[in-house]
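Participant: could you look at this predicted model? Sequence included:
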Amino acid sequence: MNAKFVRACTLAELNAKGRLLVRGSHRPILVVVDQGRVYAFDNRCPHMGFPLDRGSVEDGILTCHWHHARFDLASGCTFDLWADDVPTCPVEVRGGEVWVKAEFGHSDAVAYWRQRLEVGMEHNLGLTIAKAVQGQLAAGVGPLEILRQAALFGAKNLGGWGVGMTVLTALGNLLESLPEEEVFLALVHGIRRLAADCDGAAPHRRRSAITSRPDHRTLKRWLRRWAAVRHDEAAERTILTAISDGAQPAALADLLLTAETDRVFADSGHSLDFINKAFECLDLVGWRHAAEFLPLVIGQIVAARGAEESTEWRQPTDLVALCERAAAELPTLFTLGRDRGPWMKHAELVQHLLGDDPSAIIVALETAISDGADFVDLGRSLSYAAALRIARFGTANEHGDWETAHHVFTYCNAVHQGLKRISSDPDLATGSAESVRAVLHGAMAIYLIRYLNVPPARLPGESDDRLKDLPSAVEEIRAALLDAFDRQHRVDKAADLVARHLTLGHPAESIYLAAHAPTERAWLQTADIATRLSRGDQLHEEA
């Protein structure tokens, strides 16, 4: 900084008044004398900007009277973790005169705000988190680095993978597509959700890899065995062994998907979805952190309850038996179809997957494989069929039914993403037919929720020209969509706006707003306060 010292007052004036303000082109500076020593600070309380000159000084402590945050006069450090340290200014006494230098901030802003984000997450302090994110962004820290810091905090403090890590990862996937001004909101929303999960959680107890180096097939057998007998410690040491031996993402996906699909549609699809999100998180923060993140999904794999234990998968049709019989034929079917590609019958397969005869659905999948459909073809078709179940969801259904359709879709998407990872290694994919059992399970899950499309909801733009009456410019569609999100009973209107956006050829990324816009208004207000404080706004005076 190039700020110069400016004369504040005489020492006699300061001793007589105890405190005074220095005003100028800079923010107001509070000068305080206490026990013969002179101190200078930014006059804004770092918590929410209340003027500190309205506070009190006693025993070397400055107290803000708005929320009673307390600060050490000698350093500016706060005694209350929900408040930040108040920036100090250099001060000199020259021949009976007090001079101050209008320099605010911290000597190492990046290190300071990193530490504040850690404190905010440790104590689940929303405003502290928002200010720390804003502070790091202002200091030039990249959004992915901030996300990495938060995700590693979660990995260290959670007992297992949860919703907070999933939300943070989903928002991380959007960062490159978001306007710059919305990256801050996305990070704050995801990190606050993760901090809430960490609050009071028992951290995961870390294990270590075994010292031998088994091959991939052996590790796969071991992991399946430990999952089957619900031995989480052994399962975790097995995956850590694979990681320590340099297993690539494709191999790790094969290990986890194979063990996961030994149980049918485990935990209503959540278990596989969490595995997929852990992989996506590692894509964002770096696979060098695999040993810190992947153990978090092991506990759920081991403890998950499979659909084979539920009535609807056994009666009136034994869907589990259908899947098991088809799974036994998978190696033979893939051998038949190996040289018959490329396979292009995705739309046809989707229509079969949306049918009401489970045996016919299985036959359609078997036929597709023997005709040359590969892992990616199957996953793509499965995900699209699950998406159509959501698109055709009747709004007369209960909200819980919507969650059912949503969980089936996230499961099928996880299947697709997992099979894509495995197929990135052709040699590995050749011997990984077990992972495709997930396609069979996903297909039966899609079949089971067919009643949610009775009667099927109208697709946007179907049977009328309502889309033509909607806005056409991106910003106008965006504003109308946010307004629809803000009102009840606007599901059809929101869907029409999204369809309008896509049919006009606008970028798909810019319409995914609901995920990163904080759903609680208090969160948005907190983020706004952090932004205004970062700009130097006088919140108290403006109010």
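Facilitator: Nice, I can see it. Numbering: from 1, shown residues only.
Participant: in terms of helices and strands, where is the residue nearest in space to the middle of the chain?
Facilitator: The chain has Leu168 as the residue nearest its centroid, 1.5 Å off, counting by CA atoms, centre = their mean. For Leu168, the element it lies in under DSSP states H and E is helix 163-174.
Participant: mind listing what's buried in the following helix or strand past that helix?
Facilitator: Next helix or strand after helix 163-174 toward the C-terminus (DSSP H and E): helix 180-198. Buried residues in helix 180-198, counted by 16 or more other CB atoms under 10 Å: 183-198. From N, CA and C alone the C-beta is placed, and that goes for glycine too.
Participant: closest to Asp483 out of those residues?
Facilitator: Leu185 (17.6 Å; CB to CB).
Participant: okay, now the unreliable bits of the chain?
Facilitator: 1-3, 105, 461, 463-465, 509-523, 536-543 (pLDDT under 70).
Participant: where along it do the strands fall?
Facilitator: 5-10, 19-22, 29-34, 37-42, 56-58, 61-63, 70-72, 91-94, 97-101 (DSSP state E).
Participant: mind naming the longest helix for this structure?
Facilitator: Counting by DSSP state H, the longest helix found in the chain is helix 399-423.
Participant: could you export stretch 488-497 as PDB, CA atoms only?
Facilitator: What follows is stretch 488-497, C-alpha atoms only, in PDB (Å, rounded to 0.1, in the frame of the first residue of the first chain):
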ATOM      1  CA  GLN A 488     -46.200 -21.700  -5.500                       C
ATOM      2  CA  HIS A 489     -47.900 -23.800  -8.100                       C
ATOM      3  CA  ARG A 490     -45.600 -22.700 -11.000                       C
ATOM      4  CA  VAL A 491     -44.200 -26.000 -11.900                       C
ATOM      5  CA  ASP A 492     -45.600 -26.000 -15.400                       C
ATOM      6  CA  LYS A 493     -44.600 -22.400 -16.000                       C
ATOM      7  CA  ALA A 494     -41.000 -23.100 -14.900                       C
ATOM      8  CA  ALA A 495     -40.900 -26.200 -17.200                       C
ATOM      9  CA  ASP A 496     -42.200 -24.100 -20.200                       C
ATOM     10  CA  LEU A 497     -39.500 -21.500 -19.600                       C
END
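Participant: adjust the sequence numbering to begin at 473 for everything that follows.
Facilitator: From this message on, residue numbering opens at 473, which makes the last subject stretch 960-969.
Participant: chain center to that stretch, what's the gap?
Facilitator: 25 Å (CA atoms, centre = their mean, to the nearest Å).
Participant: try stretch 694-714
Facilitator: The answer for stretch 694-714 is 27 Å, by CA atoms, centre = their mean.
Participant: try stretch 542-555
Facilitator: On CA atoms, centre = their mean, the centre of stretch 542-555 falls 32 Å from that of its chain.
Participant: cool, and stretch 967-978?
Facilitator: Centre to centre, stretch against its chain (CA atoms, centre = their mean), the figure for stretch 967-978 is 26 Å.
Participant: same check on stretch 752-772?
Facilitator: The answer for stretch 752-772 is 13 Å, by CA atoms, centre = their mean.
Participant: residues of that stretch that come out buried?
Facilitator: Buried residues in stretch 752-772 (16+ other CB under 10 Å): 752-754, 756-757, 761-772.
Participant: likewise for stretch 623-642?
Facilitator: Neighbour-count burial for stretch 623-642 [16+ other CB under 10 Å]: 623, 625-627, 629-630, 632-634, 636-642.
Participant: kindly report the same for stretch 810-822.
Facilitator: 815, 817, 821-822.
Participant: can you name the two of these that sit furthest apart?
Facilitator: Farthest pair in those, by CB to CB: Trp815 and Val822, 13.2 Å.
Participant: how many neighbouring residues does the nearest residue to Arg922 once chain neighbours are set aside have?
Facilitator: Leaving aside its chain neighbours, Arg922 sits nearest to Asp828 (5.8 Å; criterion: CB to CB, 6 or more residues apart in numbering). Residues contacting Asp828 under the criterion other CB atoms under 10 Å number 10.
Participant: quick check, nearest of the buried residues of stretch 810-822 to Thr1003?
Facilitator: Val822 (44.7 Å).
Participant: where do the helices sit along the stretch 823-972 of the chain?
Facilitator: Remark: helices of the stretch 823-972 of the chain, listed N- to C-terminal, are 830-842, 847-863, 871-895, 898-902, 909-920, 946-957, 963-975; assignment by DSSP state H, counting those that start in this stretch.
Participant: out of these, which is closest to Ala929?
Facilitator: Nearest to Ala929, of the helices of the stretch 823-972 of the chain and by CB to CB, is helix 847-863 at 7.2 Å.
Participant: so what touches stretch 790-808?
Facilitator: For stretch 790-808, the external contacting residues (CB atoms under 8 Å, 6 or more residues apart in numbering) are 736, 779-780, 785-786, 830-831, 834, 837-838, 841-842, 905-906, 908-909, 912-913, 916, 919-920.
Participant: which among those end up buried?
Facilitator: The buried subset of the contacts of stretch 790-808 (16+ other CB under 10 Å) comprises 736, 779-780, 785, 830, 834, 837-838, 841-842, 905-906, 908-909, 912-913, 916, 919-920.
Participant: show me how far the helix holding Leu640 is from its chain's centre.
Facilitator: 1 Å.
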